[in-house]
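K.L.:
Could you look at this predicted model? Sequence included:
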Amino acid sequence: MIKAVLLDIDNTLFSFDGYVQYSMKHGFEKYGLRLFEDWMPSVFHRINNELWGRIEKGTLTFEELGKIRWNLVFRELGIVFDGVVFEQYFRKELFRSAIPEDGALDLVTYLSGRYILGIASNGPYAQQVNRLKIAGIHEKFQYIFVSEKLGVSKPAKAFFQSCLEEMNRQTGITDRKKEIIRPEEVMIIGDSMSSDMTGGIGFGMKTCFYNRKGITLPENSGVDYVVRELKEIENIL
């Protein structure tokens, strides 16, 4: 029986893709860079995914990412501009961005009250909390687990261990032997196979992959549930 649900933020609750499109278009105008074209975000996403892959493996820090991400993007786009300056703009705008994925707010409302509800996200803590507040859903979560505050990123077992230990510490249940939350009683919902699904599976949690891009998963993926739309989750939980 599922007792607790952990939700990823970017491209699960909020559209990071939509934000990137917006911030690049308006940022290029703000700094007088080249004319924005619709294909450009694909360059960002490829580079960003590679960098976050290194963070997940522990070979790059979030601080280091901030120093190189946009310089790498601009180099491929043929733009001569200080990538660190653009990174500062990018993070400032992201701090107040809460473009919801289709069905995300309804899903949070549905899950709230039915399950212990928590956030499981990589990124800066204050940023992720502020975005939840802007969307008006911050109070629906009993727990907000973010890599910056935990000191470790998904998919590391230590990330999920910290989540579980905190939830069990705060239950306030007298008979812990009967009611303690076990990994198999927690479901993680997210859009990333490399961090959300791999991490959840590795820790023994139930997993639900938000397959918003319709990719083909290998037969041995180990994922428990796959949905194309968030509203489908109501048929699972």
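P.N.:
Everything's here; your move. Residues are numbered from 1 along each chain as shown.
K.L.:
The helix or strand where residue 169 lies: how far from the chain's middle?
P.N.:
Assigned by DSSP states H and E, residue 169 falls within helix 157-170. With C-alpha atoms, centre = their mean, to the nearest Å as the basis, helix 157-170 stands 17 Å off its chain's centre.
K.L.:
Would you quantify the distance from residue 99 to residue 9?
P.N.:
12 Å (C-beta to C-beta, to the nearest Å). Bear in mind the C-beta positions are built from the backbone N, C-alpha and C, glycine included.
K.L.:
for residue 131, that is, sorry about that
P.N.:
7 Å.
K.L.:
lowest average confidence, helix or strand, in the protein?
P.N.:
Ranked by mean pLDDT, DSSP states H and E, the weakest helix or strand in the chain is helix 176-179, scoring a mean of 52.
K.L.:
ok, which stretches of the chain are helices?
P.N.:
According to DSSP state H, the chain carries its helices in the segments 16-30, 40-57, 62-77, 83-95, 104-111, 125-134, 147-150, 157-170, 176-179, 198-203.
K.L.:
on that earlier part again, so for residue 99 and residue 9, which sits in the more crowded spot?
P.N.:
Legend: neighbour count by other C-beta atoms under 10 Å for residue 99 and residue 9, higher for residue 9 (25 against 16).
K.L.:
Can you report how many residues neighbour the residue nearest to that one when sequence neighbours are not counted?
P.N.:
Computed as C-beta to C-beta, 6 or more residues apart in numbering, the closest residue to residue 9 that is not its neighbour in sequence is residue 121, at 4.3 Å. Residue 121 sits with 29 neighbouring residues when counted by other C-beta under 10 Å.
K.L.:
just checking, residue 121 touches residue 146?
P.N.:
Yes - the criterion here is C-beta atoms under 8 Å, and residue 121 meets it with residue 146 at 5.1 Å.
K.L.:
what sits in contact with each of the two?
P.N.:
residue 128 (C-beta atoms under 8 Å, 6 or more residues apart in numbering).
K.L.:
Who are the contact partners of residue 38?
P.N.:
Neighbouring residues of residue 38 by C-beta under 8 Å, 6+ apart: residue 21.
K.L.:
leaving aside the residues next to it on the chain, what's closest to residue 163?
P.N.:
Leaving aside its sequence neighbours, residue 163 sits nearest to residue 145 (C-beta to C-beta, 6+ apart; 4.8 Å).
K.L.:
Likewise for residue 136?
P.N.:
residue 105 (7.9 Å).
K.L.:
Report pLDDT for that neighbour.
P.N.:
What the model reports for residue 105 is a pLDDT of 97.
K.L.:
what stretches of this protein score poorly on pLDDT?
P.N.:
170-179 (pLDDT under 70).
K.L.:
Could you rerun that using 90?
P.N.:
Across the chain, residues meeting the criterion (pLDDT under 90) sit at 56-58, 113, 169-180, 213, 215, 217-220.
K.L.:
returning to that earlier point: just the CA trace of the helix holding residue 169, in CSV.
P.N.:
Provided in CSV are the C-alpha atoms of helix 157-170 (Å, rounded to 0.1, in the frame of the first residue of the first chain):
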residue,chain,number,x,y,z
LYS,A,157,20.6,6.5,-2.6
ALA,A,158,21.6,9.0,0.1
PHE,A,159,19.0,11.5,-1.4
PHE,A,160,16.2,9.1,-1.0
GLN,A,161,17.4,7.8,2.3
SER,A,162,17.3,11.3,3.7
CYS,A,163,13.8,11.7,2.4
LEU,A,164,12.6,8.5,4.1
GLU,A,165,14.4,9.2,7.4
GLU,A,166,12.8,12.7,7.6
MET,A,167,9.3,11.4,6.8
ASN,A,168,9.7,8.7,9.5
ARG,A,169,11.1,11.2,12.0
GLN,A,170,8.1,13.5,11.6
